[in-house]
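In: Next one to model:
(one chain, ligands or ions: 1)
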Amino acid sequence: MHFDIDIHKTLRSGKRTFDLRVRFQSDSQRVVIFGPSGSGKTLTLKAIAGLMRPDQGRISVGDTVLFDSGKRIDLAAQARRVGYLFQDYALFPHLNVRQNIAFGQARGWLNPGAAAHSDAVDYWLHAFHLEHLAHQSPSELSGGQRQRVALARALVPNPSALLLDEPFAALDPHLRVLLRDELDRLQRHLQIPMVLITHDPADAEVFGEHIVRLHEGIVQPDGAPVVDETASDEYHLSLGPQ
Ligand SMILES: Nc1ncnc2c1ncn2[C@@H]1O[C@H](COP(=O)(O)OP(=O)(O)OP(=O)(O)O)[C@@H](O)[C@H]1O
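Out: Below is the predicted model:
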């Protein structure tokens, strides 16, 4: 999957301004945007997802141009076919697990109850071992279960790429190691291209086939690729053919 990213955005808050000038290209399936707090990682991910409109630039994922200020292209977030995992998972507290996952489907937006019974929802409930929790609410789940529900919701519309905002930040250190391993195997199994943002070097080590280093809104030139050689065919989740 080819990512071609060129984002210009100036944000003002009182007397403070923040200039985001992010430009990179990648043919990697595993791109990590790595940088300290406040470096512009979330803004970059939101721009790719269509949740933040750049002032200028061009964003394409594969053959699809998602945004091009020169050509006045700006696809709506729902039309971009990218899954987004929010840092705090952003599950809906009033919907149960099944309904939260169904919300990932376009038709679920109006009536999650009606969309809750579909093959795709059943598939991801099963794949993430969530069937027995289908009727529970997010407040009744562990941190790891919440992450699986959020991942299932992001995957249910069969996106062409996955965007992950600090996916392990909300977890305790032990769970972080387990779920990092689980996401590693999930990505290798699905072969879904992903862009993951993090300030944790351990995430960059596992997922950073291509590392984009960000500092104060600008990509740093020393972003040499780091290839992870620990590929494993083994996969413990119940994933069948897609
Ligand atoms: N709506 C906004 N208006 C003004 N400034 C903003 C706005 N949103 C973000 N910023 C500023 O832009 C900068 C980059 O924010 P961003 O959320 O992308 O950082 P980040 O690298 O994801 O940080 P963290 O790791 O802490 O989440 C920050 O200094 C932030 O204060």
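In: quick one: residue 196 and residue 164 touch, right?
Out: Yes: judged on Cβ atoms under 8 Å, residue 196 makes contact with residue 164 at a distance of 4.4 Å. From N, CA and C alone the C-beta is placed, and that goes for glycine too.
In: and this structure, which residues reach the ligand?
Out: 11, 13, 18, 35, 37, 38, 39, 40, 41, 42, 43, 199 (Cβ under 6 Å from any ligand atom).
In: confidence score at the last one?
Out: The reference is to residue 199. Predicted confidence (pLDDT) at residue 199: the value is 92.
In: Please tell me the pLDDT value assigned to the closest residue to it other than its chain neighbours.
Out: Of all residues not flanking residue 199 in the chain, residue 36 sits nearest, at 5.7 Å (Cβ to Cβ, 6 or more residues apart in numbering). Listed pLDDT for residue 36 reads 93.
In: part of a helix, is residue 7?
Out: No: with DSSP: H, G, I helix; E, B strand; the rest coil as the criterion, residue 7 is strand rather than part of a helix.
In: dump the residue contacts of it.
Out: Taking Cβ atoms under 8 Å, 6 or more residues apart in numbering, we find residue 7 in contact with 20, 21, 22, 23, 43, 44, 47, 54, 57, 59.
In: ditto for residue 26
Out: By Cβ under 8 Å, 6+ apart, residue 26 lies in contact with 2, 3, 210, 212.
In: Could you dump those residues into a markdown table and include pLDDT?
Out: Below are the contacts of residue 26 laid out as a markdown table (pLDDT from 0 to 100):
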| residue | pLDDT |
| --- | --- |
| 2 | 93 |
| 3 | 95 |
| 210 | 93 |
| 212 | 94 |
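In: Pull out the buried members of these.
Out: 3, 210, 212 (16 or more other Cβ atoms under 10 Å).
In: Quick one: residues contacting residue 46.
Out: Residue 46 makes contacts with residue 52, as judged by Cβ under 8 Å, 6+ apart.
In: Repeat that for the one 4 residues further on.
Out: Listed by Cβ under 8 Å, 6+ apart, the contact partners of residue 50 are 66, 67, 74, 75, 76, 77, 79, 80, 82.
In: what element comes up after the lowest-mean-pLDDT helix or strand in the chain heading to the C-terminus?
Out: Scoring the helices and strands of the chain by mean pLDDT, DSSP states H and E places helix 112-115 at the bottom, with a mean of 54. Sequence order places helix 119-127 as the next helix or strand after helix 112-115, per DSSP states H and E.
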